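Asks: okay, sequence plus prediction incoming.
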Amino acid sequence: MSEVKQDSAQTCALLDAIGRGEPRALEELLQRHRPQLHGFVTIHCDPRLRGRIDPSDVVQDTQMEVVRRIDDFLASRPMPFRLWLRKKAMDRLSNLRRDHLTRARRSVAREQALPDRSSLQLARPLLARGPSPSQHAQAQELAERVSRAVARLSEADREILLLRHAEDLPFEEIACLLDVEPAAARKRFGRALIRLQTVLRAEGLLE
């Protein structure tokens, strides 16, 4: 866990204040972390569910879960609060994805994924050998090809590639979010990266 970045001094002070029962500390803590949480949810939301799920609703549900579980967190402090918050958001997104896939009249698994920023961010380190990511984003045809390729990956592959490529998290922090050892996170990322290279090459985006 040596590479796990600890919470800021402000966050630690607010957590201590919550532990002392100060009434407004939790509200301030959630407000402080809301922009980053919203960005996280937006990136990690399954592209097939865009239009069905509002990231702001996911953020609100996640924060409500934090309110319910904050005492448990304070009792054990299993990881930095910012990671625990993201883990709760990942759990919420996973539940929503499962519910939509199993209950929707027309399975979203059969819908064609539209080009989205997360697909481009996920593939960015590999595509950097050619045109820049911004150039790819501006070219609709290329963006669609990237999205089609990324849609062929499993959800687990997309998740770990986003954590590493889009957010640049160290493997120790990725391991916290995925409940695995850092070595296992590295191996999972390596396998996902190979599969990403394969689908990008099949789409003609890599030589």
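Replies: Nice, I can see it.
Asks: gap between the residue lying closest to residue 33 once chain neighbours are set aside and residue 146?
Replies: Sequence neighbours aside, residue 85 is the residue nearest to residue 33 in space, at 5.8 Å (criterion: CB to CB, 6 or more residues apart in numbering). No exception for glycine: its C-beta is placed from N, CA and C like everyone else's. Separation of residue 85 from residue 146 (CB to CB, to the nearest Å): 29 Å.
Asks: again with residue 158
Replies: On the measure of CB to CB, residue 158 and residue 146 end up 12 Å apart.
Asks: quick one on the thing from earlier: surely the residue nearest to residue 33 and residue 65 touch.
Replies: No. Residue 85 is beyond contact range of residue 65, at 9.6 Å (criterion: CB atoms under 8 Å).
Asks: the more surrounded of those two?
Replies: Remark: of residue 85 and residue 65, residue 85 carries more neighbours, 25 against 15, as counted by other CB atoms under 10 Å.
Asks: just the element for that one, please.
Replies: Assigned by DSSP states H and E, residue 85 belongs to helix 81-103.
Asks: what's the helix or strand just after that helix in contact with?
Replies: Proceeding N to C from helix 81-103, the next assigned helix or strand is helix 117-127, under DSSP H and E. Helix 117-127 is contacted from outside by 43-45, 47, 113, 133, 136-137, 143, 146-147, 149-151, 158, 161-162, 165-166, 196-197, 200, 205-206, using CB atoms under 8 Å, 6 or more residues apart in numbering.
Asks: with stretch 180-192 instead?
Replies: With CB under 8 Å, 6+ apart, stretch 180-192 has contacts from 153, 156-158, 160-161, 164, 171-172, 174-175, 178.
Asks: which one's more surrounded, residue 158 and residue 146?
Replies: Between residue 158 and residue 146, counted using other CB under 10 Å, the more crowded position is residue 146 (27 against 21).
Asks: which strands and helices sit next to the helix or strand that one falls within?
Replies: According to DSSP H and E, residue 146 maps onto helix 140-151. Helices and strands touching helix 140-151, by 3 or more CB pairs under 8 Å, 6 or more residues apart in numbering; DSSP states H and E, are helix 117-127, helix 133-138, helix 182-202.
Asks: average pLDDT for it?
Replies: Computed over helix 140-151, the mean pLDDT rounds to 78.
Asks: buried sites along it?
Replies: Buried residues in helix 140-151, counted by 16 or more other CB atoms under 10 Å: 142-151.
Asks: which residue is nearest the middle of the chain?
Replies: Centroid-nearest residue in the chain, with CA atoms, centre = their mean: residue 44, separated by 3.8 Å.
Asks: give the contact list for it.
Replies: So residue 44 contacts 89-90, 93, 118, 159, 162 (CB under 8 Å, 6+ apart).
Asks: tell me the least confident of those residues?
Replies: Out of the contacts of residue 44, that is residue 118, at 79.
Asks: how is the residue lying closest to residue 176 once chain neighbours are set aside assigned, secondary-structure-wise?
Replies: Nearest non-adjacent residue to residue 176, counting by CB to CB, 6+ apart: residue 79, 4.6 Å away. Classification of residue 79 using DSSP: H, G, I helix; E, B strand; the rest coil returns coil.
Asks: what's the burial count for residue 79?
Replies: 21.
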